[in-house]
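Chemist: just need the structure, nothing else, for what follows:
(chains A and B)
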Amino acid sequence: MELAENESAAVQNDQPSGLRQYLMSHLREYGLLFALIVVMIFFQVVTDGTLLKAVNVTNLLLQNSYIVIMALGMLIVIVSGNIDLSVGSVMGFIGALAAVMIVNYDVPVLLTIVACLVAGGIIGAAQGYWIAYWKIPSFIVTLAGMLVFRGLSLWLLEGQSVGPFPREFQVLATGFVPDIFPSGLGSALAGIFGARQVNVLALLAGVAAAGVIFWIGFRQRMRNRQYGIVGEPYGFFLARNFIVAAAVIFIMYKLSTFRGLPNVLITMGILTIIYAFITQSTVIGRRVYALGGNQKAAKLSGIQTERLTFLAFANMGVLAAAAGLVFAARLNTATPKAGFALELDVIAAVFIGGASMSGGVGTIIGAVVGAFLMGVLNNGMSIMGIGIDYQQMIKGLVLLAAVIFDVYNKQKQG
Amino acid sequence: MSTLLEMRSITKTFPGVKALDRVDLKVREGEIHAICGENGAGKSTLMKVLSGVYPVGSYEGEIVYDGKPAEFRGISDSEERGIIIIHQELALVPQLSIAENIFLGNERSSRGVIDWRETNQKTEELLAKVGLLEAPTTKVDSIGVGKQQLVEIAKALSKNVRLLILDEPTAALQENDSRKLLELMLELKAQGVTCIMISHKLGEVRHVADTVTVIRDGMTVSTLDAAKGLSEDVIVHDMVGRDMTQRFPEHDRQPGEMLMEVENWNVWHPEHADRKVIRNASFNVRAGEVVGIAGLMGSGRTELAMSIFGRSYGRNISGTVKLNGRPVDVSSVYKAIMMGISYVTEDRKSLGLVLDETIRFNTTIANLEGVSSAGMLNRNEETKVAEEYREALGIRTPSVFQKTVNLSGGNQQKVVLAKWLFTAPEVLILDEPTRGIDVGAKYEIYTIINDLAARGKGVVMISSEMPELLGMCDRIYVMNEGALVGELTAAEASQERIMSLIVNEQEELSYGTR
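Modeler: A predicted model of the protein is given here:
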């Protein structure tokens, strides 16, 4: 046995050199971005430009906001080596709770929001408790949760839809950040771009975001150089950042010619940045990757694996609650059907984004891009008038293709 | 008696290692033939060649079985001719019944439909032969290891076994079960079944074997005939008698103050609540001292270390751990690390590393506090730390961003060491630190251990390789059946003395009543 080990361990990989090898070893990241761009161009063409109309871009962001918000939590759950099937039901339940509190009992909106987020946290913690400390597989616990909270929503709403919400609640999902610049400036810019009206704040935010993307990229690159780390080739670095920055400015421009920055975009953007930071740059984030990568090794390295699993599910609960509030506000009503089968879209987004079923692998950015890839597919196919039957099939095949691509890539490397 | 099996000049190489070097083995019909040798001597490899696990063509030399040359391409070929191997780790499906296990892959059926009556009836006959009083429908996981071993033998009998190979059959068994098994082997012999038995336990070997072949470093050393009397001293000498060359770096140690003391340590098995795994173990290590723990596989060395390290093994743990004379709380891994105790696991792949992650990731994972402030990682600092250890330990890799799965065994082991060195331990417990790595890397790891001792740290080294313990340690504890049965200074220690401590102890345990 001992000798056989030598057999497999003697492989020594060299750092890939050359453009082609670099591209091959980073095919996953570029592939995802590339796929998103291709899909967008495709639908832009076949829908005669409807896809990227200002109103549709705004719509696209609003439609997918709750999926993105939940994908952030789901990414952490999946990286930790678990799964959460209950998020769709929990989301629906929290929407129902908010509706009952606000519409039926006139509870103040702010208090309701806080109460709902706390309730989400408690739900997540309750499921996490069994998973983390009783070692019950997360698939089973959250499958149970899926049924329980679906039932609770029905019970809470008594099978009816409850709504509408007051305006101050609706703005959560359908509100826009008002332009702080004088409207004269907007009109002047509108003249230049040939648009009806331009929201200067949105446009400037886009330019600023693009600048920040470049700045962070450069700073990281300089640091890497300092430590002698071979980063991506300069051309790739510039091209990638340029594409991302251009896309950001383009989307923001589109938004600015409609109604400006949606509140949800701000929420989603801030949450994405926070979670990207947590997973990449904090101790707790690092430990989640260790937990999912090799639970036994993590435990023997002094990591409190149970507590970490518990926290991952509690966090998922809070994010599912946030998504539930956004969803209810967007529909302006809570229905017993809300969030039905949505957990599958969320999970699919995370896997399309490159996460591994066995844990330890995956990024926040990947999950968000994965969510938007699914979103663009949904949206584009709907505009084209493709039936829900084909839509489901195509989405399924895209998920399968993404994962096959991952496995194929890994086999080729390993 | 005629010769049933002859293996001639068997050579088997793995990349870089010669596991078997012109080994000869001659087994007579109807005898019990024991193969003895240290861990890693090549016993199991030889049996894998014989049973076709390593197919014909992957080794050199020839096998003559029952008068005809044997060229097995897989286990099914050898089983067809009546050669059945029972591995050390039992290959039963715990959730299935005894009958289902016995006829697994060999079901009593017609057209794919199982004939349960015949299955159960045949099983009953087989169980009667091996003396196991259990219903055929009993689930395997509800019977003990000893009985499971008997089920394996019944399974072998169902395949019309002529040559039965048992790889350390009693390693996991209690005294009573061991004795029953040995009796059964003698009974089978009377019925004409030939047995090859791999064993460390010389008492048992002397009890049942007709012939003993000793293998050392992949070569046949001697073949001893029981009829002419078996002396354990001779077997032990043949097993370990190799010259110690310059395989260990020079060291000159002056152990200082008492650093860690473990007193009256008792541990019970995590699942079998009635099994005591560690019995009243006490040991200590001084600053700047390297202390070895010798013993056979399964003697409880790993369990001892892991139970001390944050209760990572066992339950109902009792006893005290003192550091610098004061009792300390080591009830969780985190606390143990904080107290300055680190444990380098035996199995670096499944317990030591996150294989899909980089060297940098693995180097800092046990001490992220050391590269972060207020919970935020300083990744530049992390890279610097990883680079420092890469240099200090000589980890051969193009960059610290290399995934550890791509490293050789020796370099992986150095990454694991880097991880634990970065926790700044006072006491470092190393469990089989050089298993499965080549001689050059071993030397480097010994050098690292010497450096640690020179800096006043205490090192506890668990190893199955006795030359390694003798070459590295200032003191050696000998462990057997969960108890520390002896303590030897470097001057007193020799392979023979260690082996005879183990063997004598075993003798008393197994045959003391005779």
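
Chemist: what about the helices in the stretch 1-150 of chain B?
Modeler: Secondary structure of the stretch 1-150 of chain B by DSSP state H, counting those that start in this stretch: the helices cover B:43-51, B:75-80, B:98-102, B:116-130, B:145-158.

Chemist: please produce CSV containing those helices, extended by mean neighbour count, mean pLDDT and distance to residue A:285.
Modeler: Any C-beta I mention is one placed from the backbone N, CA and C, and that applies to glycine too. Listed next are these as CSV, based on neighbours: other Cβ atoms under 10 Å in any protein chain shown; pLDDT from 0 to 100; distance: least, Cβ to Cβ, whole Å:
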stretch, mean neighbour count, mean pLDDT, distance to residue A:285
helix B:43-51, 24, 88, 43
helix B:75-80, 16, 88, 47
helix B:98-102, 25, 91, 46
helix B:116-130, 17, 91, 54
helix B:145-158, 22, 88, 43
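
Chemist: now render those helices as TSV, adding distance to residue A:323.
Modeler: Converted to TSV, those look like this (distance: least, Cβ to Cβ, whole Å):
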stretch	distance to residue A:323
helix B:43-51	56
helix B:75-80	54
helix B:98-102	48
helix B:116-130	54
helix B:145-158	51
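
Chemist: pipe those helices into JSON lines and attach distance to chain A per row.
Modeler: Formatted as JSON lines, these follow (distance: least, Cβ to the nearest Cβ, whole Å):
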{"stretch": "helix B:43-51", "distance to chain A": "7"}
{"stretch": "helix B:75-80", "distance to chain A": "16"}
{"stretch": "helix B:98-102", "distance to chain A": "24"}
{"stretch": "helix B:116-130", "distance to chain A": "28"}
{"stretch": "helix B:145-158", "distance to chain A": "19"}
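
Chemist: out of those, nearest to residue B:59?
Modeler: helix B:43-51 (5.2 Å; Cβ to Cβ).

Chemist: spell out which parts of the stretch 201-350 of chain A neighbour chain B.
Modeler: For the stretch 201-350 of chain A, the residues in contact with chain B (Cβ under 8 Å from any Cβ of the partner chain) are A:223, A:226-230, A:281-284, A:286-287, A:289-290, A:293-294, A:296-304.

Chemist: any low-confidence regions in the chain?
Modeler: By default, I'm working from chain A. Along chain A, segments meeting pLDDT under 70 span A:1-25, A:227-231, A:412-414.

Chemist: my bad, chain B
Modeler: B:1, B:15-17, B:39-40, B:172, B:174, B:241-246, B:436, B:438-439, B:504-514.

Chemist: which parts of the stretch 101-250 of chain B are strands?
Modeler: Using DSSP state E, counting those that start in this stretch, the strands of the stretch 101-250 of chain B run over residues B:109-110, B:113-114, B:163-167, B:194-198, B:211-216, B:219-225.

Chemist: now these in CSV, with mean neighbour count and distance to residue A:251?
Modeler: As requested, the strands of the stretch 101-250 of chain B are arranged in CSV below (neighbours: other Cβ atoms under 10 Å in any protein chain shown; distance: least, Cβ to Cβ, whole Å):
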stretch, mean neighbour count, distance to residue A:251
strand B:109-110, 11, 65
strand B:113-114, 11, 64
strand B:163-167, 24, 65
strand B:194-198, 24, 69
strand B:211-216, 23, 71
strand B:219-225, 17, 72
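
Chemist: next secondary structure after the helix or strand harbouring residue A:186?
Modeler: Element membership for residue A:186, per DSSP states H and E: helix A:183-193. Per DSSP H and E, the first helix or strand lying C-terminal to helix A:183-193 is helix A:200-226.

Chemist: quick one: buried residues of that following helix?
Modeler: Buried positions in helix A:200-226, judged by neighbour count with 16 or more other Cβ atoms under 10 Å in any protein chain shown: A:200, A:201, A:202, A:203, A:205, A:206, A:209, A:210, A:213, A:217, A:221, A:224.
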